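Chemist: return atomic coordinates for the entry below.
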Amino acid sequence: MKTAIVLAGHGSHISAETAGVVWAQVDALRAMQAADEVTAAFWKEQPSFHTVFDSLTAQEIIVVPMFTAQGYFTQTVIPAEMGLTGAVTQRDRRVIRYTRTLSEHPYLGHVVCQRVEEGLRQLNTAPERTAVAIIGHSTRRNPESRKATEAQAEAIRQNGLAAEVVALYLDDSPAVADVYRLTTAPNLIVVPYFLASGLHTSIDVPRELGLAKAAFDTVTPINGRAVCYTRPVGVEAELQTAILELITDTSQSLVLETPPQPPTASSWDGFPSAGLDEVRRRMTSTPFIFGQLRITAGDVRHVDDADDGEVIASPDALRKRVRENPFRPLATRSDLPRGWRVLTNSDPYRVLTVIETVYPGVLGSHIAASGTLEDAMNRQTGRYRALQSLGESASAQVVEQVCGQCIRQPAWAGASGGIHCPEPCDFWLSAALKQMKDDGRE
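Modeler: Residues are numbered from 1 along each chain as shown. Below you'll find the model as predicted:
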């Protein structure tokens, strides 16, 4: 029986690092041959939580929520978008297993303690002269989301690593800026309880603390206190071990070595393969165009590149080239960077992996059935529910604004031809919400 692993993360419209830490783990799991197919899914980027299964051919799928807490996204958003009914869901002749979150694995607690100990060394001080603040996200939509941060703060108290310990939140109370009111010790260690060095850890938390910029693991004087702002908790190599253990705890068919063995496969292996037959069909007559890619028997490159560009040798290098400089959170936007190529040697699977790296999830959704805007709205439990009153005229305006800059055609809005788009993406939803706000109807 074929197996698949999906790492489900948040993603970002602003920072490449938020999804980048998830893709790095995907690459590692592929190279380990951890499953027949390995991919990621996101709330803010592609592929989406709702469409990612369209790219997979496996009969057993293990979904790992890449979040530091049980809360709104892990308990509400992901189950609604993926159609999960519990720890095990049987649907369409598939078994979908949903693992625990990273917060329920000892890894994160271990790293938080490491961060505090590193901070004590940076400050050259003792625990009795130090306060620690653990910064979580939380949300008032789900009171469970703050519990993981509170548990980490309590563990630091029990370990006697600081005289004062508080849990603070970006989207709940007490707020991050309250740290100077709630603690009095002359030395302060602030641990961002987030996986990646993304928007929250690089901009939002530093701003609330009064830091001019995110300077990880350095000491800054603020309000008469010596403040050490540490790295986030998801950037250690041990994260891979935690993910593997969550997977093996959940799935009876995947028995993986822990600690993981050195990679034995290429990072070009283990890709979603639902679009492979489509690639084979198209390769009977090359070259062919897919989005802004020109596929020949020998390589894949930008459709407008006549001269040979830099040869890209790995999915990670290709992803960085087309995604990170400048950051392109909408992978299907029609501004694909030029000047590169990937050699494929007439191998349809290698062509599929290149397309999947540049346009993650698009091949699978290209052959999937279309939904409607109403379908997408009915799944919403958060801020996008307001879009149910958007109206046809405003909806069409946002389609022109967003979809007109994309390589896909919005089949969900009645478009036909080209590369099929089965549902409105998060960029469309965000733009539509902004349109309502601009119209004074939010």
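
Chemist: got the CA coordinates for stretch 8-21 in CSV?
Modeler: Output in CSV follows, covering the C-alpha atoms of stretch 8-21 (Å, rounded to 0.1, in the frame of the first residue of the first chain):
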residue,chain,number,x,y,z
ALA,A,8,0.7,21.1,7.3
GLY,A,9,2.0,24.5,8.1
HIS,A,10,0.7,28.1,8.2
GLY,A,11,2.7,29.8,5.4
SER,A,12,2.9,33.6,5.0
HIS,A,13,2.3,36.3,2.5
ILE,A,14,5.3,38.2,3.9
SER,A,15,8.1,35.9,5.0
ALA,A,16,9.7,33.1,3.1
GLU,A,17,10.9,31.5,6.3
THR,A,18,7.5,30.5,7.6
ALA,A,19,6.9,27.9,4.9
GLY,A,20,10.6,27.5,4.3
VAL,A,21,11.2,25.5,7.5
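
Chemist: tell me where the model's unsure across the protein.
Modeler: Residues of the chain meeting the criterion pLDDT under 70: 252-265, 441-442.

Chemist: how is it divided into domains?
Modeler: Structurally, the chain divides into domains by automatic domain parsing as follows: 1-102+237-272, 106-194+198-229, 274-368, 369-438.

Chemist: next, the distance between the ends of the third one.
Modeler: The first and last residues of domain 274-368 sit 10 Å apart, counting by C-alpha to C-alpha, to the nearest Å.

Chemist: and for stretch 214-230?
Modeler: 9 Å.

Chemist: next, the buried residues of it.
Modeler: Using 16 or more other C-beta atoms under 10 Å as the test for burial, stretch 214-230 gives 214, 216, 219, 220, 225, 226, 227, 228, 229, 230. The C-beta positions use only the backbone N, C-alpha and C, and glycine is treated the same way.

Chemist: out of everything not next to it in sequence, what's closest to the fifth one?
Modeler: In this structure, residue 225 finds its nearest non-sequential neighbour in residue 188, 5.1 Å apart by C-beta to C-beta, 6 or more residues apart in numbering.

Chemist: JSON lines for the buried residues of stretch 214-230, including secondary structure and distance to residue 16?
Modeler: What follows is the buried residues of stretch 214-230, written out as JSON lines (DSSP: H, G, I helix; E, B strand; the rest coil; distance: C-beta to C-beta, whole Å):
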{"residue": "214", "secondary structure": "coil", "distance to residue 16": "15"}
{"residue": "216", "secondary structure": "coil", "distance to residue 16": "17"}
{"residue": "219", "secondary structure": "strand", "distance to residue 16": "28"}
{"residue": "220", "secondary structure": "strand", "distance to residue 16": "25"}
{"residue": "225", "secondary structure": "strand", "distance to residue 16": "32"}
{"residue": "226", "secondary structure": "strand", "distance to residue 16": "32"}
{"residue": "227", "secondary structure": "strand", "distance to residue 16": "27"}
{"residue": "228", "secondary structure": "strand", "distance to residue 16": "26"}
{"residue": "229", "secondary structure": "strand", "distance to residue 16": "21"}
{"residue": "230", "secondary structure": "coil", "distance to residue 16": "21"}
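
Chemist: got these as TSV, with distance to residue 133 columns?
Modeler: TSV is the format used below for the buried residues of stretch 214-230 (distance: C-beta to C-beta, whole Å):
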residue	distance to residue 133
214	15
216	15
219	15
220	14
225	11
226	13
227	9
228	11
229	10
230	10
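
Chemist: from residue 205, how far off is the residue nearest to residue 225?
Modeler: As defined by C-beta to C-beta, to the nearest Å, residue 188 lies at a distance of 13 Å from residue 205.

Chemist: looking at those two, which one has more neighbours?
Modeler: Shown here are residue 188 and residue 205; by other C-beta atoms under 10 Å, residue 188 has more neighbours (28 against 24).

Chemist: could you export the helix or strand that contains the more buried one as CSV, CA atoms only?
Modeler: Following DSSP states H and E, one finds residue 188 within strand 187-192. Extracted C-alpha coordinates of strand 187-192, given in CSV (Å, rounded to 0.1, in the frame of the first residue of the first chain):
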residue,chain,number,x,y,z
ASN,A,187,17.8,40.5,33.2
LEU,A,188,15.1,39.3,30.8
ILE,A,189,15.2,36.3,28.4
VAL,A,190,12.5,36.3,25.7
VAL,A,191,11.8,33.0,23.9
PRO,A,192,9.6,33.2,20.8
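
Chemist: just the angle between it and strand 225-229, please?
Modeler: Using axes from the mean of the first three to the mean of the last three C-alpha atoms, to 10 degrees, the inter-axis angle of strand 187-192 relative to strand 225-229 is 30 degrees.

Chemist: packing partners for strand 187-192?
Modeler: Packed against strand 187-192 by the contact rule (3 or more C-beta pairs under 8 Å, 6 or more residues apart in numbering; DSSP states H and E) you find helix 106-123, strand 130-136, helix 205-209, strand 225-229.

Chemist: buried residues in that strand?
Modeler: Of the residues in strand 187-192, 187, 188, 189, 190, 191, 192 count as buried by neighbour count, 16+ other C-beta under 10 Å.

Chemist: list the contacts for the third one?
Modeler: For residue 189, the set of contacting residues under the criterion of C-beta atoms under 8 Å, 6 or more residues apart in numbering consists of 115, 116, 119, 120, 123, 130, 131, 132, 133, 162, 228, 230.

Chemist: what subset of those is buried?
Modeler: Those of the contacts of residue 189 that meet the buried threshold are 115, 116, 119, 120, 123, 130, 131, 132, 133, 162, 228, 230, by 16+ other C-beta under 10 Å.

Chemist: the closest residue to residue 401 other than its chain neighbours: what's it in contact with?
Modeler: Once flanking residues are discounted, residue 401 sits nearest to residue 431: 6.1 Å by C-beta to C-beta, 6+ apart. Residue 431 makes contact with 398, 401, 402, according to C-beta under 8 Å, 6+ apart.

Chemist: the second one: how many residues sit nearby?
Modeler: Put plainly, it is residue 401. The local packing of residue 401 (other C-beta under 10 Å) involves 15 other residues.
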